[in-house]
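Chemist: Starting from these lines, generate the structure:
(2 chains)
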Amino acid sequence: MYAKIVLIKDTDTTREEKTREAYTRLLDCLREDNLHDHVQVVRVSDIGIYEHGLVVKIHPDNITYANVQEPDLKKIADSIKDSKVIEELVFKPNVRQLRLVLRNCGKIDPESIDEYIASEGYLGLKKAVSDLGQQKLIDEIKLSAIRGRGGAGYPTWLKWNFAREVNADQKFVICNADEGDPGAYMDRSILEGDPHSVIEGLAIAAFAIGASKGYFYVRAEYPLAVERISKAIRQAYDYGLLGKNILGTSFNLDLEIRLGAGAFVCGEETALISSIEGKRGTPHPRPPYPSVRGLWGKPTVINNVETLANIPQIVLKGGKWFSKIGTQTSKGTKVFAVTGKVKNSGLVEIAMGATLREIVMDICGGTLSGKPIKAVQTGGPSGGVIPQGLLDTPIDYENLQKLGSIMGSGGMIVMDEDDCMVDITKFYLGFCVEESCGKCAPCRIGGFQMLNYLKKISEGRGEINDLSQLRRLSLAMQKASLCGLGQTASNPVLSTLKYFEAEYNEHILNKHCPAGKCSHLVTYNIIEDKCKRCGLCFTNCPVNAIVGDKEKGYSIIQEKCIKCGRCFDVCKFKAILKK
Amino acid sequence: MAKVISAKINGILLRVEEGTTILEAAKRVQIKIPTLCKHPDLPASASCGICIVKNRGSNKMLRSCCTPLEEGMDITTHDPEIIEIRRTVIELILSNHPNDCLKCARNNQCELQNLTADFGIKEESFPQFLRDLPIDQSTKAVDLDPKKCILCGRCVYVCQECQDVWALSFLERGMQTRISPAGDIQLSDSPCVKCGQCAAHCPTGAFVEQDNTSQVWKALQDPDKYCVVQIAPAVRVSIGEAFGYVGKNFTKKLYALLRRLGFHAVFDTSFGADVTIMEEASEFEERLLHGSRPLPLITSCCPSWVDFMEKFYTDMIDHFSSCKSPHEILGVLSKTYYAEKNKIDPAKIFMASIMPCTSKKYEITRNDEMFASGYQDIDAVLCTRELVRMIKQAGIDFESLPEEECDSILGEYAGAGVIFGSTGGVMEAALRTAHYFITGKELKKVAFESVRGIKGVKETEIEIDGKKLRIAVAHGLGNVEYILNKVREAKINNKEIPYHFIEVMACPGGCVGGGGQPYMVTDELRIKRAQALYEDDNEKKIRCSHQNPYIKRLYKEFLGKPLSEKSEKLLHVHYKARPIYVK
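Modeler: The predicted structure follows:
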């Protein structure tokens, strides 16, 4: 059993030798200090930091040193021995993640209410019910200016206040945990990593509006999240933090879990309500807004997981504290799930106002391929692409909207030059078409028709008029659809048309996909000069489209080729030309 | 008192009660915003997206059908952009619709077709996409062609919320969405009660009555057939709508018309209603005074209601009047009494019923008792809409027809018989005669106003012979639950029965609002149709069934007395529990 673990990696190069040299040297130094039995040194292939020289991380102290020079290794060994920190070597990233929402994730045992309480847990609820009362509580939330993290960015306090002002014998709070954007898992991580923070947030919301019943609407595809919330709810009941006379006051709250059956549209408030009521999950016209007439006709506040996870901290530290974080219009932090072509994909929590470039380059380490970034997609299927040139835009609700995208729930997909904008648009629109509830004509048929135009273009059958049809349909969907899904489903189309129209034209006019993604527009040929006649492509072609033999060489019969790219992948001599 | 708000629509300042939708408010200033999914009879489903409007200062467009006008709004209902978007949406709907208008039952009466014409759409802008879905003709009453469905949801709403039948629902999602009974079964295997409200509210040809006109034309051509016909009360006050008359009674023109179409004898279902009353009032008297069977007595002249009861309220079978519906009674009498009197071979008689109803199509073969004459008592049922088509096919100038009388001895009716077409009418007619049967005295005032009107459930108390009788009238099957739950509860707890006599009609408004009536029905229209029936009653010299000399003659010459053995055999039925879902 080692007392400490040291991770080491040279982040300037992919050459393993450099790391190995440093590793050997560090081991020597540790041996000199007689620490080699206590400290384990591990060479890692990725340390989450890029282009900062030799990086050394020491666990469990959570110390990171960057740009470490060879002589520094001895100092590091000595510092471990003396339990000291070498300040001048400590890694200082350009952008620090600011973990408010994810503050406990990975730090406390999510299945232990005691650990949550030990890290200021349920103090917010206590303050709310014992000290603040409803009005002051809502005032604090107003002061914090927090906006809903589910996508639309509606001021949370306003929602609460509407519901509070309605006279009703019963009110409800609902935690919307029907996270469904492709590639997004912010809410899931919070629910799995810190379920009590969400329960506490929901309890505070319930107290604020006078609700005595709450629901977690969680998608059934999140079994661990469901398990952890169930457990956390039971613990909270045991501790008198749920149920009757919470914390000795007259505040009562019962919480229940409802599983969503995996329909994306059920994340929309009115559809979610229908689903809880046991009806078909389709949206309904608003007004009446749920905060006035919601679940079973009663005032209902529906907040997203991330919004609720913010609430306990806001209550505890005050709205003013929160309002100092972020930009003029968008306060606090936002969690993004960064995926795609980045070196370091994962959850990133930053203060509002950080730029996309900071997230993608500084925190996530740029592209994996080393190729330039082409665009970043935000906001999931309702969002849009932001081209490379606009990556320095500070992130907030308004800025993203101006660029033709949205904050959404926080999905972020990074694309490099190998990504085709027509293809990516087809993917997102296809998602919305698949997830359309079918209720309203503009979304149901409009999305379907648009998807067909995109398919046509990506298959080389596009006509230039198709672009104006796409624009026309986009407008009709935006303006005439009933719910957010339909109104925003065309955003990926509009934003790619805005920034990458040339790429569409290339597909339509020259029947060419610059990224080589649209398989119908790609051809594979064998470059005779480079071909070593090894026959690997021949044996690997699944449709026998490659003919020839080791004597005469090989060629591809285009009519038979299904553009699967197998030959291209297996060729060791780069003798397959893809274009 | 609702708060009044002021706002602008197309620059016109107006004041309306808070909660008024933009669509409704616009009508007050003479602006008709185009709609497709919205039916004036039903709440907005907000599914088509055509009624969008702009509000100054907002980037979004609002759906006027479901958005209330708010204080200070400045609404624009049309500009080039709005019109263009509406056109796009219509074109999208057309891209998912067969567009075979010439061969559609709704040709010339289709709301989608009208809109397409209004917007001058001449070509298909978007590629056509249709699913290959079969037509469901299983009910023999209402046909469903899902390809023509635009998913407005009206039928689902009427079936679930108004009628409480829940036969129809949305299946699947996205482009695969369609209307079907849950479990993707045939309508005949579903809870469907054939009321036809789906067809009456459908904007396109997705739900239409099963067409029996060719069967009737064929019979009329057949020299071996002796064709007779009857018209239901509610038809005479609605058929005028096809020719631009609202709330007008066309009884005598209809008699003339039917003769012109080739029928040998023209009868009136209202006479059958008078017979129904004789039997039903006697049944009531029997139950009230002698307690042979339990009270309350529940009326049974509506086949959809009977079907509903046999599926959902089987514990009420004992309470049901065993008396047949008026048109079935007239059917059996035409092939027995009339045939005997006129020495016509009943095998040759072809009886057609002109009904406001789709369910009657189902009723005529619903069990063996519909063959009481030894033949199928009713050979064909046409609903009002089908008759309109026949008039047009025959090229008859309906409006200019002379007025004629019906044929004896199954035609002349009392006022009581004709009000059968409206909610409360059966009850009122029955009370008039029941009063006489119980007390032996005639009523001074025959009108029972408390059972009239469009309110969904009407409860009242009347006094006969010093005895207070509790009465309930419900129309629209969704209103039945309230009444029957009270009965159930009293039965379970051995408490005094909440009612003595209950009338139920399946369709909102009763038969005047029937599933086979002219389109675009609203409560306003139902009231006008009913008023015309009450006027007919009011103008009649004889207003009680038992006073009708032809009724007296029928009993004297043929039936003996009400509930006689012969009556029981010919005019009464038995009920049985049916499965809600046929497996």
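
Chemist: what secondary structure does A:Gln170 sit in?
Modeler: Following DSSP: H, G, I helix; E, B strand; the rest coil, we place A:Gln170 in the coil state.

Chemist: Relative to A:Asp549, how far out is the spatially closest residue to it that is not a sequence neighbour?
Modeler: Closest residue to A:Gln170 in three dimensions, ignoring its sequence neighbours and counting by CB to CB, 6 or more residues apart in numbering or on different chains: A:Lys298, at 4.8 Å. The C-beta positions use only the backbone N, C-alpha and C, and glycine is treated the same way. Note on A:Lys298: its distance to A:Asp549, by CB to CB, to the nearest Å, is 77 Å.

Chemist: re the thing from before, count the neighbours of the residue nearest to A:Gln170 for me.
Modeler: For A:Lys298, the count of nearby residues is 18 (other CB atoms under 10 Å in any protein chain shown).

Chemist: thought it was touching A:Ala168?
Modeler: Yes. With contacts counted by CB atoms under 8 Å, A:Lys298 reaches A:Ala168, the gap being 5.3 Å.

Chemist: Now do the contacts for the residue nearest to A:Lys320 when sequence neighbours are not counted.
Modeler: Closest residue to A:Lys320 apart from its sequence neighbours, by CB to CB, 6+ apart: A:Leu143 at 5.9 Å. Residues near A:Leu143 by CB atoms under 8 Å, 6 or more residues apart in numbering or on different chains: A:Gly318, A:Gly319, A:Lys320, A:Phe322, A:Ser323.

Chemist: From these, keep the buried residues only.
Modeler: A:Gly319, A:Phe322, A:Ser323 (16 or more other CB atoms under 10 Å in any protein chain shown).

Chemist: JSON lines please, covering these and showing distance to chain B.
Modeler: Converted to JSON lines, the buried ones among the contacts of A:Leu143 look like this (distance: CB to the nearest CB, whole Å):
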{"residue": "A:Gly319", "distance to chain B": "29"}
{"residue": "A:Phe322", "distance to chain B": "29"}
{"residue": "A:Ser323", "distance to chain B": "27"}
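
Chemist: Just give me the closest of the residues you listed to B:Met505.
Modeler: A:Gly319 (60.6 Å; CB to CB).

Chemist: is it true that the closest one touches A:Glu140?
Modeler: Yes. Counting by CB under 8 Å, A:Gly319 does reach A:Glu140; the two are 4.2 Å apart.

Chemist: Please state the mean pLDDT value computed over the helix or strand where the residue nearest to A:Lys320 lies.
Modeler: Secondary structure assignment for A:Leu143, by DSSP states H and E: helix A:133-144. Mean pLDDT, taken over the full extent of helix A:133-144, equals 95.

Chemist: For the very next helix or strand once past it, which helices and strands make contact with it?
Modeler: Going down the chain from helix A:133-144, the next helix or strand is helix A:156-165, by DSSP H and E. In this structure, helix A:156-165 packs against helix A:133-144, helix A:195-209, strand A:300-304, with contacts taken as 3 or more CB pairs under 8 Å, 6 or more residues apart in numbering or on different chains; DSSP states H and E.

Chemist: Next, the angle strand A:300-304 makes with helix A:156-165.
Modeler: 160 degrees (axes from the mean of the first three to the mean of the last three CA atoms, to 10 degrees).

Chemist: Quick one: residues in contact with helix A:156-165.
Modeler: Contact partners of helix A:156-165, identified using CB under 8 Å, 6+ apart, comprise A:134, A:138, A:141-142, A:144, A:146-148, A:171, A:205, A:208-211, A:289, A:291-292, A:299-303, A:307, A:311.

Chemist: Show me what counts as buried in that helix.
Modeler: Neighbour count says helix A:156-165 has A:Thr156, A:Trp157, A:Lys159, A:Trp160, A:Asn161, A:Phe162, A:Ala163, A:Arg164 buried, by 16+ other CB under 10 Å.

Chemist: can you tell me which of these lies nearest to B:Glu535?
Modeler: Nearest to B:Glu535 out of the buried residues of helix A:156-165 is A:Phe162 (CB to CB; 51.2 Å).

Chemist: The residue in the stretch 301-450 of chain A positioned nearest to chain B is in what secondary structure piece?
Modeler: Using CB to the nearest CB, the single residue of the stretch 301-450 of chain A nearest to chain B is A:Gly438, 2.9 Å away. A:Gly438 belongs to no helix or strand when elements are defined using DSSP H and E.

Chemist: what's it in contact with, if anything?
Modeler: Counted by CB under 8 Å, 6+ apart, A:Gly438 has contacts A:Thr282, A:Arg444, B:Leu151, B:Phe170, B:Glu172, B:Arg173, B:Gly174, B:Met175, B:Gln176, B:Thr177.
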